[in-house]
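Undergrad: Following is a predicted model, sequence given first.
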Amino acid sequence: MRPCGSAAGGRRGAARCDDHRMTDGSFTLRQFTCPGDVPLRLRQALTACWVEVTNAGGAAGFPFPPVDAAEVAPALDRIVGLLSPDTGRLLTATADGDLVGWLSLRRDPGRLIAHWGTVHHVQTRPDVRGRGIGRALMDEARRAARDEMGLEQLHLAVRGGLGLEDFYDRLGWREIGRRPGALRLAPGDDRDEILMLLSPL
């Protein structure tokens, strides 16, 4: 491990880059906490996954498909650039050496809200769904948030009309509110933004 700096005022001492791996039979979970630990090849795989999921109709941050790597790569670079042990983590799942899913975990270090974090861009490649990869990523995010980042709650927002809230409900999340019709995908196609909470961790 090498120093990475602490974005949360050094509350836990000198933060370092941790490379956590967990193997679950057919796939491996890995955690990244420093921009320098995410090589170009992985960035390209993350971008390709995001493009594939979006163009298959997934709600992962780009609501107007089709998209391509040129559009998605800058957003991925921003996520990687914000990685830090205290405030930003990237969790990936690989199978047979290929990326099959990922998510990002963030927290605002401000004193008022530093006790909770947010989960973003949860996605698995369409051809590997049904193998428990999404559940494993979410379980690992919960563990890392609780045991390593010291968080007490996790929040996320999902697009209505896709049944995503049912997936999170099965993992212990609960709906805490909606913004009715907040997401306009097309004229006449307004979707609710569903707000969800996982607490306690």
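TA: Arrived safely, thanks for sending.
Undergrad: so who does residue 176 touch?
TA: Neighbour list for residue 176: 195, 196, 197 [criterion: Cβ atoms under 8 Å, 6 or more residues apart in numbering]. All C-beta atoms are positioned from the backbone trio N, CA, C, and that covers glycine.
Undergrad: if I look at it, how far off is residue 154?
TA: Residue 176 is 12 Å from residue 154, where distance means Cβ to Cβ, to the nearest Å.
Undergrad: can you map out the strands along the protein?
TA: 20-24, 27-32, 88-95, 98-107, 116-124, 153-159, 174-186, 189-198 (DSSP state E).
Undergrad: mind giving me CSV with the ones you listed and columns for mean pLDDT?
TA: Formatted as CSV, the entries for the strands of the chain read as follows, by pLDDT from 0 to 100:
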stretch, mean pLDDT
strand 20-24, 62
strand 27-32, 96
strand 88-95, 97
strand 98-107, 98
strand 116-124, 98
strand 153-159, 98
strand 174-186, 98
strand 189-198, 98
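Undergrad: Would you tell me which of the ones you listed gets closest to residue 48?
TA: For the strands of the chain, the distance to residue 48 is smallest for strand 98-107, at 7.9 Å, taking Cβ to Cβ.
Undergrad: which parts of the closest one are buried?
TA: Using 16 or more other Cβ atoms under 10 Å as the burial criterion, the residues of strand 98-107 that qualify are 99, 100, 101, 102, 103, 104, 105, 106, 107.
Undergrad: Packing partners of it?
TA: When contacts are defined as 3 or more Cβ pairs under 8 Å, 6 or more residues apart in numbering; DSSP states H and E, strand 98-107 sits against helix 40-55, strand 88-95, strand 116-124, helix 133-143.
Undergrad: Quick one: distance of that strand to the chain centre.
TA: Taking Cα atoms, centre = their mean, to the nearest Å, the mean C-alpha location of strand 98-107 is offset from the chain mean by 5 Å.
Undergrad: and if you look at stretch 34-52?
TA: Here stretch 34-52 shows a centroid-to-chain-centroid distance of 13 Å under the convention Cα atoms, centre = their mean.
Undergrad: Can you point out the buried residues in it?
TA: With the criterion 16+ other Cβ under 10 Å, stretch 34-52 contains buried residues 34-35, 37-38, 42-43, 45-52.
Undergrad: Which two among the buried residues of strand 98-107 are spaced furthest apart?
TA: 100 and 107 (25.7 Å).
Undergrad: My guess is residue 85 contacts residue 32. True?
TA: No - no contact is recorded between residue 85 and residue 32 when judged using Cβ atoms under 8 Å, the distance being 10.2 Å.
Undergrad: Narrow the contacts of residue 176 to just the buried residues.
TA: Among these, those that count as buried by neighbour count (16+ other Cβ under 10 Å) are 196, 197.
Undergrad: Which of the contacts of residue 176 sits closest to residue 162?
TA: The closest of the contacts of residue 176, once distances to residue 162 are taken by Cβ to Cβ, is residue 196, at 13.3 Å.
Undergrad: if I pick the residue lying closest to the closest one once chain neighbours are set aside, what's in contact with it?
TA: The shortest distance from residue 196 to any residue other than its chain neighbours is 4.6 Å, reached at residue 173 (Cβ to Cβ, 6 or more residues apart in numbering). Contact partners of residue 173, counting by Cβ under 8 Å, 6+ apart, are 156, 165, 196, 197, 198.
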